[in-house]
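>>> Need coordinates for the following:
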Amino acid sequence: MKVRSSVFASFILTLEVIGMALFLRGFFPAPVKSSLPSKSKLSDLPREPLSGGSPNSSRLPQPLFNRVVIMLVDALREDFVFGPSGRMYMPYTRHVVERGSSSSFVAKARPPTALTTGSIPGFIDVVMNLNSPALLEDNLIWQAKTAGKRIVFYGDDTWVRLFPKHFMEHDGTTSFFVSDYTEVDNNVTRHLDSTLKRDDWDILILHYLGLDHIGHISGPHSSLIQPKLLEMDDVLKKIHSALITKEAEGSLPYLLVLCGDHGMSETGSHGGSSEPEVNTPLVLISPAFKRKAGMEKPGVVEQVDLTPTLALGLGLPISQNSVGRVILSVLEETSLRDQLRFLHLNGHQLSCLLRDSTPGYEKEAGFEQFRVAEKAHGTWMKLYLEGNTSEVLTNMGKKVLKQYLEALAAMSSALSKQLGDYDMYSMIAGMVFVFQLLLVLLLAMPEALSGEAVVDIPVLSALLSLPFYLLCLLLASVHVLVCTSTESSCYFCSLSWGLVFAAVAFSSAVFCILISMAARRLPLGPRIHGKSPLRSGGSEWSLSELDVLLLAGTVGHTLSLASSSFVEEEHQIWYFLLNTLCLAVFQDVCRKYFREKRSPGDEEETVLPSKDCHSSDHPKAEIYPEKWLALATPPFTLVCCRMLRSLNQTGVQWAHIPDVGHWLNSSEHRTVLSLLAAFCLVLIYLLVQRRCSWVSKVALALGLVGVYCYRAAVGNVSFPWQRSGQTTSKGTVEARFVYVFILGILFTGTKDLLRSQIITADAKLKSRGLWEIYSGLVLLVSLLLRAHNLPVLCCCLLIQTLMAQFIWKKLHYDAAQTTIMHYWFGQAFFYFQGNSNNIATVDISVSFVGLESYVEAPAIFLTALSTYAGPLLWACHLVCHLSSQRDRSPVAVGHGCYCLALLRSVPAAAYIVLVTVLRYHLFIWSVFSPKLLYESMHLLLTAGICLFFNTMEQSHSSSKS
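As a prediction, the model looks like this:
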């Protein structure tokens, strides 16, 4: 079966996306969960240890607190409270920490947070947590509701979705509209006065989102941070004062908890593993604690430790899946017997979870330590009940206490490291599937890059061969064997037999096709009919210096993915490759215009092969400015890239260093940012409008004006007549104004494309339609990019214009070389935007540009488009460039599509092998897993781009016919 190169590449990439999805499903494990179907109950609690007799009662010590108020401030960093600026940001809170009855800690958060269950979530829950369903596993809220506690909640509506019938009273606010940082908190605070006066509740939970939204908009150093923290400080003061007033004689004390669910990176995001993102303050305020005499260095605890502490403090069972340890300082004022009992209950719960989740749990050091401590506890209880009050008993109790703490630390650590079991069968199935497709793609290279750009796939011979049926039988048998013998759950085994049989048959067919294509290639060697994408010298292929550079750079980058340091600082690799590419292109330009001149008659002869140099079409006088512009293009590109590197610090090692972007975003330099944004928008218009119709030119101009108005509305830039203290808005109207013109430009371009394909075979009309679609994409990206990143878009368009006019066109690089160059530029511009291989650098604020509330599909689309703006713009420009060159081979678009598919497939396939080998690496979750998600998303987007390539080649074929 013969298919065009673009169709073949698109089909392979689509199937690789399916294989990658299967691999991801197996790689990201399910979190550690107890195998018990029911939840913890008071009746299930173990009895108090007692040696030499029947176990003592299963009593629970008296609750420590009567009422609990949890004030959760989203994205509250520990330095906002404990740091040098704490007295300025939150003065009352800092006073309570230094002089009040409180206990202060730095709580280490794990993304995404699991405050109510106490369990450690799986890494993939970062994505799944965006649309949280009802929480069915054992949790603190369920335990409190079952015990008759009356719970009131105000804040993030995620809680309402997680606990739909648990709150006596609630008022949820959407957590996704990040442009709002005022009303989202006012809607919580407005309930406080009336609620604090009432006595009909036991637990009050307040979740404030404004600080997190400010972080996403403008980062932790924004001028909006201090007013918001002062507002939170006033709220805490109001709650504390009300609790003190309501405190009754002889009743149990209250507990006020101030905490954050995560921190905030230097760019205002979260989800990574840096200290500003994971270090959060935990302040416990209660008259049950000793009054402080001064500022003490806060202790360090895990965020999950709060769950068992609150449960035992309220007299509730600890959640089954909790991996936290009770915070001992909360128990310091209780008796030694109660302290030992609390630690025993915590240890029993952890040992049960360890036993359910670890086959060889008896060999765990923590489990053995707990058994020893429990036995010593029983001995201590026997002496205690006999009335022994000597100092020996006290010292023995302290020793048992220490043994319990060591056992709890060991068991909690063991459970924390065991995030879950890898689904190796699904991982291997997805990996084999992707590698089969990659090998087919590689074996098809000679035909895909030939003059005909047609690949002959031996489908029929493979399906009618005996090995195909034997393979089907073998793979089906392996599937049955694996699914019936495995002890852990496997996603691939849970699929229906119809889907499994289809996957088995397809994998067997691909393997037979692979063998057939390899047999056809190997004995005879590569035979190419038509024009080779590589330099031809006689009958053999030869590689130019540029070909060697492009090949070595692509392979070298793939090999570098095996190192965690190179993954963290991948931007440095692309910057180096791009600089080297510019020098190599400069060498080719010099060779074309200077070095290779043999005689006066050869002045206009080009060294690189070309179909048509058009030397007679241009007067000699026009050659000189063109020559100098061509010579200036590579150095100018180097200068632009160096400037863009200083705009956004990315990666891990140097991300904390202040950059030009931070300087521009400070309130003192808003005028500079405004002038720069206005200049960039004008330059964008001048670079893009040149090939648009007059209707699109008008729409583009009005759209770019709307972009500036939107940035002024949200407070990033300002108009000359705008007062500095003027309040900002959400910019919804302005953004929708721009969307209207984007849709208009896209509609005009699509109309021209359809006319060129269906009604009239007009190559000029098709070229204009493609460019107008590209212009609409540029306008959308200019709306989504932050104001200080508009120079990135300007440089992108300027480099594309110069390279297309004076390099790719004049030096007559073929489709394969041009595609690889576009790919390299796209990868570099991905990092110029400020992106990295860390989830925290994803700018989710763009998900709500022009939206009043969270809508899932547009939010995902806008976030993906903004994140991958660089690669997408360069890929779309590649389509426009290959389709608009009249002197280029008619199969250039097919060649470009195939090369783009190959460039994306090789690192994706290699990386899934690397993460499989390194799955027990120390940095698997902090470094390699985020990169895997980025690679998967990039593969999906490239598949969509190749489908667009396929459409353009079809259009070209129709035009030719």
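>>> Glu410 sits in which helix or strand?
I think there's a mix-up here, since residue 410 is Ala and not Glu. helix 391-417 (DSSP states H and E).
>>> just how off-centre is that helix within its chain?
The chain centroid and the centroid of helix 391-417 are separated by 39 Å under Cα atoms, centre = their mean, to the nearest Å.
>>> Which helix or strand lies directly C-terminal to it?
Moving toward the C-terminus from helix 391-417, the next helix or strand (DSSP H and E) is helix 424-443.
>>> picking that back up, could you give the average pLDDT over the helix holding Ala410?
The pLDDT scores in helix 391-417 average 88.
>>> Over to stretch 313-332?
In this model, stretch 313-332 has a mean pLDDT of 88.
>>> Any buried residues in it, and which?
Within stretch 313-332, the residues scored as buried using 16 or more other Cβ atoms under 10 Å are 313-331. Where C-beta positions appear, they are placed from N, C-alpha and C, glycine not excepted.
>>> Just the ones in helices from those residues, please.
Within the buried residues of stretch 313-332, residues falling in helices by DSSP state H are Gly313.
>>> hang on, the earlier thing: please identify the buried residues of the helix holding Ala410?
By neighbour count on 16+ other Cβ under 10 Å, the buried set for helix 391-417 is 393, 396-397, 400-401, 403-408, 410-416.
>>> Now do the helices in the stretch 151-300 of the chain.
Using DSSP state H, counting those that start in this stretch, the helices of the stretch 151-300 of the chain run over residues 158-162, 183-189, 192-197, 210-218, 225-246, 275-278.
>>> Columns mean neighbour count, mean pLDDT and distance to Leu862 on top of these, output as a markdown table?
As requested, the helices of the stretch 151-300 of the chain are arranged in a markdown table below (neighbours: other Cβ atoms under 10 Å; pLDDT from 0 to 100; distance: least, Cβ to Cβ, whole Å):
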| stretch | mean neighbour count | mean pLDDT | distance to Leu862 |
| --- | --- | --- | --- |
| helix 158-162 | 18 | 81 | 21 |
| helix 183-189 | 18 | 87 | 20 |
| helix 192-197 | 13 | 92 | 35 |
| helix 210-218 | 25 | 84 | 14 |
| helix 225-246 | 18 | 93 | 25 |
| helix 275-278 | 20 | 85 | 23 |
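>>> So Pro63 lies in a helix, does it not?
No - counting by DSSP: H, G, I helix; E, B strand; the rest coil, Pro63 is not found in a helix; it is coil.
>>> Could you pull up the residues touching it?
The neighbours of Pro63, taking Cβ atoms under 8 Å, 6 or more residues apart in numbering as the test, are Leu252, Gly313, Leu314, Gly315.
>>> Can you tell me, leaving aside adjacent residues, what's nearest to the second one?
The shortest distance from Gly313 to any residue that is not its chain neighbour, by Cβ to Cβ, 6 or more residues apart in numbering, is 4.3 Å, and that residue is Leu64.
>>> How confident was the prediction at that neighbour?
91.
>>> For it, give its distance to Pro317.
Applying Cβ to Cβ, to the nearest Å, the value for Leu64 to Pro317 is 15 Å.
>>> gap between Cys899 and Ala875?
Distance, Cys899 to Ala875, by Cβ to Cβ: 11 Å.
>>> what residue is smack in the middle of this protein?
In the chain, the residue lying closest to the centroid (Cα atoms, centre = their mean) is Ile839, at 3.2 Å.
>>> Fine by me, we can end here.
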